[in-house]
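> The sequence isn't on hand, but the structure is:
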């Protein structure tokens, strides 16, 4: 999970948001995959399997059935909340939506009171340093603090990049899950690794070029095969169609 966590942190996805999303997935998979006679699993069994309370399971199930987005899960990261409050809360902003310069301490209209309201239990000193490091706030010569931006994300996240990462992680995990399931239906799916932990930097560069060339040749051959055997008749019943293929990725571990 470390690479996934690095990716999420780089794009300002908090633990709370990730926990809410995975809670929904736990309930959804338990309901859909472990029911009896083709029916969804009941709340009591889902609670027993997932470790959630029956009340939590019922709440998540209702959200899934109604397709209502959970406001907590979509709330955004804490620094964004601080900046938004600084610009819209009349205690810290003027009538035109401009964030006022705030002293660190003193009265209700101070940076400390802003953080007390919007930073939750995060240490204020660490929040201020992080906002300064990200170029979101600056300390003026007279000791007050000025907001430099209203909106904040770590990096712009291209939806196509997220989609590519999601598909790759899903496909590899699905193959591993199938192969490691002693109650699986059908034969094992091909999955293999060729690696070596005693490679020099120069050898790694050569290997990367080899994989790029030979790997693309292999994928091109597989793509031609898949295209030759795909269903052609537009009127053919597609209900039994499967998605099948093969993926290649380079292993590079410098730890």
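Yep, that arrived. Just so you know, these numbers come straight off a predicted model, no measurement behind them. Residues are numbered from 1 along each chain as shown.
> could you show me where the strands are in this protein, in order?
137-139, 145-147 (DSSP state E).
> Same list, those strands, but as CSV with distance to residue 176 and mean neighbour count please.
(C-beta placed from N, C-alpha, C; glycine too.) Putting those into CSV (distance: least, CB to CB, whole Å; neighbours: other CB atoms under 10 Å) gives the following:
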stretch, distance to residue 176, mean neighbour count
strand 137-139, 45, 17
strand 145-147, 46, 18
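> which one of those lies closest to residue 220?
Of all those, strand 137-139 sits nearest to residue 220, with 51.3 Å by CB to CB.
> What helices and strands are in contact with the closest one?
helix 124-133, strand 145-147 (3 or more CB pairs under 8 Å, 6 or more residues apart in numbering; DSSP states H and E).
> Deepest-packed of these, please.
Highest mean neighbour count of the helices and strands packed on strand 137-139: strand 145-147, a mean of 18 (counted as mean count of other CB atoms under 10 Å).
> where in the stretch 1-150 of the chain is pLDDT low?
67-77 (pLDDT under 70).
> just to revisit the earlier point, nearest to residue 64, of the strands of the chain?
strand 145-147 (38.2 Å).
> Now residue 4: closest residue in space that isn't a chain neighbour?
Of all residues not flanking residue 4 in the chain, residue 169 sits nearest, at 7.4 Å (CB to CB, 6 or more residues apart in numbering).
> swap in residue 150?
Residue 150's closest residue in space is residue 87 (CB to CB, 6+ apart), at 5.0 Å.
> residues contacting the one you found?
93, 97, 98, 99, 147, 150 (CB atoms under 8 Å, 6 or more residues apart in numbering).
> Now the two most distant members of these.
97 and 147 (11.4 Å).
> Kindly reformat the strands of the chain as a markdown table containing distance to residue 251.
Below are the strands of the chain laid out as a markdown table (distance: least, CB to CB, whole Å):
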| stretch | distance to residue 251 |
| --- | --- |
| strand 137-139 | 41 |
| strand 145-147 | 44 |
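> Minimum distance to residue 186: which of those strands has it?
strand 137-139 (57.3 Å).
> and the closest one, how far out from the chain's middle?
30 Å (CA atoms, centre = their mean, to the nearest Å).
> Tell me which strands that strand pairs with, and in which orientation.
strand 145-147 (antiparallel) (DSSP bridges).
> re earlier: residue 82 is nearest to which of the helices and strands packed on strand 137-139?
So among those, helix 124-133 is nearest, using CB to CB, at 7.1 Å.
> Straight-line length of stretch 127-140, end to end?
17 Å (CA to CA, to the nearest Å).
> ok, residues contacting it?
78-79, 82-83, 101, 111, 115, 119, 145-149, 152.
> List buried members of those residues by neighbour count.
Burial by neighbour count, 16 or more other CB atoms under 10 Å: within the contacts of stretch 127-140 this picks out 78, 79, 82, 83, 111, 115, 119, 145, 147, 152.
> you'd agree the fourth one is up against residue 149?
This points to residue 83. Yes - with contact defined as CB atoms under 8 Å, residue 83 reaches residue 149; the gap is 6.7 Å.
> The closest residue to residue 241 other than its chain neighbours and residue 248, how far apart?
Counting by CB to CB, 6+ apart, residue 231 is the residue found nearest to residue 241 once chain neighbours are left out, at 6.4 Å. According to CB to CB, to the nearest Å, residue 231 stands 25 Å off from residue 248.
> likewise residue 115?
Residue 115 is 48 Å from residue 248, by CB to CB.
> repeat for residue 13
Applying CB to CB to residue 13 and residue 248 gives a distance of 28 Å.
> Brilliant, that's me finished.
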